[in-house]
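> 3D model of this:
(one chain, ligands or ions: 2)
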Amino acid sequence: MSSTSATQPALTPHEALARWFPGIADFRDRQQEAIERLVRGESLLYLAPTGSGKSLAYQVAGLVRGGLTIVVSPLRALISQQCAVLRRLGLNATELHCGIPGKRQYEILRDEVLNDARPRFLFLSPERAFSDGFVEYVLHRVRERIGLVVIDEAHCISQWGHSFRPSYRGLPAFLDRVFGDARRPPLLCLTATLNPREEAEIRAEFALAESAVLRSHCLRRTNLSLTVEHHEDEPAKLARLGEILAVPARGKTLVYAHRKSGEYGTGALAERFGGPANGVDFFDADRSDEEKRTVLQGFLDGTLHTIFATSAFGMGIDIPDIRLVVHYLMPESAEQFYQEVGRAGRDAQPARGILLYSVTNIAVRRDLIAGQFPGEADLRGVLDKRLALSDQATTWNLYDTLGGDDRALASFHHLVRAGCVAVLDRGIGTLACFKSPRRCAAFDALHGATRTGMIATIARRQQRPLRAVRDELFGLFGDGRLRLAAAPDKCLFLRRGTPLDDATLAALLGTIDERRAYRLAALDTFSAILDSGADPTPGVLAALGIEAAPA
Ligand code: ADP
Ligand code: MG
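Ligands and ions are numbered 1, 2, ... in the order given. Take a look at the predicted model:
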């Protein structure tokens, strides 16, 4: 990726730190080096442990470079939290996520990004980058003032990893659509641990040289002591968990469980070990935002000392003084285990991880992995039944159509990559959401093309590219000549691509099989590490390619 060197920065990183971050005395680890390189215009893949302060790198670099800093982030909670931090410091931060009504999102983008050139941080999800035509339009219009692009939790790009999100892989193409041939600002990819294969993949996706990798000096968490225990069955594990939790003064404890419901679910376990009245609660995807906030706050301030959680307790949660992480389930890989157990001892004080497992847990994990991948029926079902595309552009709201069905969404992205589904454009489907406060000849002309107001039909009738019609409409809205009467129907313009013939299908299924085999092999590697003895540390570090430097 080509980078521009910034014009002479008005502030040094230390001046920016002193001015905006009064609570932070100095940079630590390799933050300063990361910032200096970004300010010079270099792109980076910055690897540093959870809690080490990767956000500060983009916050300060963004401020020094000036203009608009775009941050792609995987979770709504993470986006809101990062925005809140910046706003408390008196900085301009804009967040886009599904918790904000669609009409409001358009207005925010128009007023805060398109028509306001003050320095600002803009947070969005990778799904929005993939599918939202207005975001793409606005960022393309303001591309000259984008000073930095940040991809947080960049391990989600890796198709080999357990956190893979298909829309993350669409980010390089998104950046191409935003910047075109224009000069590019530096790109900062942030993540904690990566194995060598995933690192190589991320570098390839974003065309980052090996020299762009900046590795923290403390990827190895020397304050963590890890043990694993094999048990016969669930009752034996439960009895052992009881012993562990009975130790007084064990400090804040996080117990990872597989399930949300049932006898061994998060809620039931929390109840069994005392419930909220005794400082024990649970955290999973079924809890409301309000409940999650309350639980996190209680855990942070110490009114709760033990939390039972699914892996939903993860990215972006910042509780420094967890002393013990118990795995009451089988992680699927050394990476996942090290990430999760790494939530202990973020304050650098001694902390422990204990993993309890049985042979059955490994078998269940194996089935879970195998079941995540789409097969021929999923691919054909999405192509022929759920999308049923024709040779003409039709409009689809991807997340309304396939949202919540991970295998269908994965199938969709596979079909796009294979060329069987052609994504022609991103925008809105009809004129219906707009109104003009005053007479607007351009809007009337669009209306005049068809009674239905369908953008695809207008483009056909006017013999213009879809993109031209879309951009004209967004331009009128951006200027204030049009207003929104209703929520815009975000959509993709799709058309049937090349047929899903036997050869294409075989190639697709081959790719999917390869990923499944890789994930299962990572599970095998991890279970071999567990079988090798009570201390998994050397095996885990070797699997992650982290040098086991002397503690
Ligand atoms: P990461 O993204 O690496 O997991 P965060 O960026 O969320 O971590 O930072 C974790 C915490 O560390 C934040 O509360 C942040 O304010 C704090 N922090 C970051 N850099 C420093 C520093 N140089 N000195 C002290 N605290 C810091
Ligand atoms: Mg972070």
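
> name the nearest residue to whatever residue of the stretch 1-150 of the chain ends up closest to ligand 1, ignoring sequence neighbours.
Of all residues in the stretch 1-150 of the chain, residue 53 sits closest to ligand 1, at 2.5 Å by Cβ to the nearest ligand atom. For glycine as for every other residue, the C-beta is placed from the backbone atoms N, C-alpha and C. Closest residue in space to residue 53, ignoring its immediate chain neighbours: residue 31 at 6.1 Å, by Cβ to Cβ, 6 or more residues apart in numbering.

> where exactly do the strands run in the stretch 351-500 of the chain?
With strands called from DSSP state E, counting those that start in this stretch, the stretch 351-500 of the chain shows them at 351-357, 394-396, 421-428, 434-435, 483-484, 490-496.

> looking at the ones you listed, which is nearest to ligand 1?
Among the strands of the stretch 351-500 of the chain, strand 351-357 comes nearest to ligand 1, with 15.7 Å by Cβ to the nearest ligand atom.

> can you show me the CA trace of that closest one as PDB?
C-alpha atoms of strand 351-357 as PDB (Å, rounded to 0.1, in the frame of the first residue of the first chain):
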ATOM      1  CA  ALA A 351      -2.300 -14.100  37.900                       C
ATOM      2  CA  ARG A 352      -3.300 -17.700  37.100                       C
ATOM      3  CA  GLY A 353      -5.100 -19.600  34.400                       C
ATOM      4  CA  ILE A 354      -6.600 -23.100  35.100                       C
ATOM      5  CA  LEU A 355      -8.000 -25.200  32.300                       C
ATOM      6  CA  LEU A 356     -10.300 -28.100  33.200                       C
ATOM      7  CA  TYR A 357     -11.100 -30.500  30.400                       C
END
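
> sheet partners, orientation included, of it?
strand 224-230 (parallel), strand 322-327 (parallel) (DSSP bridges).

> returning to what we had before: the residue of the stretch 1-150 of the chain closest to ligand 1 reaches residue 29, doesn't it?
Yes: between residue 53 and residue 29 there is a contact at 7.4 Å, judged by Cβ atoms under 8 Å.

> show me where pLDDT drops low in the stretch 51-200 of the chain?
For the stretch 51-200 of the chain, applying pLDDT under 70 flags no range at all.

> sorry, back to before: lowest average pLDDT across the strands of the stretch 351-500 of the chain?
Of all those, the minimum mean pLDDT falls on strand 394-396 (a mean of 86).

> how about the strands of the stretch 351-500 of the chain in JSON lines, adding distance to residue 231?
Shown next, in JSON lines, are these (distance: least, Cβ to Cβ, whole Å):
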{"stretch": "strand 351-357", "distance to residue 231": "6"}
{"stretch": "strand 394-396", "distance to residue 231": "49"}
{"stretch": "strand 421-428", "distance to residue 231": "47"}
{"stretch": "strand 434-435", "distance to residue 231": "62"}
{"stretch": "strand 483-484", "distance to residue 231": "58"}
{"stretch": "strand 490-496", "distance to residue 231": "49"}
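
> helices and strands around the helix or strand containing residue 511, which ones?
Per DSSP states H and E, residue 511 falls inside helix 502-531. Packing partners of helix 502-531 (3 or more Cβ pairs under 8 Å, 6 or more residues apart in numbering; DSSP states H and E): strand 224-230, helix 334-341, helix 359-371, helix 376-380, helix 406-417, helix 537-544.

> tell me the mean pLDDT over that helix?
95.

> residues of that helix that come out buried?
Neighbour counts over helix 502-531 (16 or more other Cβ atoms under 10 Å) mark 504-505, 508-509, 512, 515-516, 518-519, 522-523, 525-527, 529-530 as buried.

> next to ligand 1, which bits of the stretch 1-150 of the chain? Give me the list.
24, 27, 28, 31, 48, 50, 51, 52, 53, 54, 55, 56 (Cβ under 6 Å from any ligand atom).
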